[in-house]
Each structure stands twice: as structure tokens, then as C-alpha cells.
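Enquirer: The sequence and its predicted three-dimensional model are supplied below.
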Amino acid sequence: MKKIELYFLPGSPSSESARQYLEERNIAYYLRDVTKPVHARRVAKETKQWSVPVLVVGKKAAVGFDAQLYERLLGK
């Protein structure tokens, strides 16, 4: 199984939607808070953007919350 990470910003509605999407589907993931510099640097390096949420599945990433894109990334 590929490693799944969700980079989020506390209080962001789209970040909360992404988190709820994963929770409702019982998908195991690592939650990464971008207010922590280490996580902010990593997501910016990987995506070349400062937007959240970012769902990373293996080596692929989706910026923003898009349920259809998440399904494709997750192989659902």
C-alpha cells in the first residue's frame, strides 16, 4: 500500500473537507500540519505551490480538494 499524506491548514474549510473525505472512507493517512515549518517546506518543494490541502499518494500529489481526483489517486 502506498503512503498517504494530507497536508492541511487548521481552520481551512477545504482542508477539513479533504480530511473528512479520507475519514469517511476509513483511509489510513498521515496528517501534516503546514503551520509547522518542516511540513510547509516539504509540501512547497513537492508541489511548487503554497496551497492546501495537498493529498500525496506515493509520488503523486493533488492540490486542493477534488473528490474525483482523490478517487483516481487512491485507485477507488
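Expert: Ah, there it is.
Enquirer: alpha carbons only for contacts and neighbour counts from here, please
Expert: Will do.
Enquirer: after the helix or strand hosting Glu46 comes which helix or strand?
Expert: Glu46 is part of helix 37-47 when elements are defined by DSSP states H and E. Per DSSP H and E, the first helix or strand lying C-terminal to helix 37-47 is strand 54-57.
Enquirer: how about stretch 33-53: buried residues?
Expert: 33-34, 39-40, 43, 51-53 (16 or more other C-alpha atoms under 10 Å).
Enquirer: Out of those residues, flag the one nearest to Glu23.
Expert: Pro53 (14.7 Å; C-alpha to C-alpha).
Enquirer: which residues sit against the lowest-mean-pLDDT helix or strand in the chain?
Expert: Across the helices and strands of the chain, mean confidence by mean pLDDT, DSSP states H and E is lowest for helix 37-47: a mean of 86. Contacts with helix 37-47, where a contact means C-alpha atoms under 8 Å, 6 or more residues apart in numbering, come from 7, 32-34, 49-50, 54, 61, 63.
Enquirer: Let's see that with 6 Å instead.
Expert: Here helix 37-47 makes contact (C-alpha atoms under 6 Å, 6 or more residues apart in numbering) with 34, 50.
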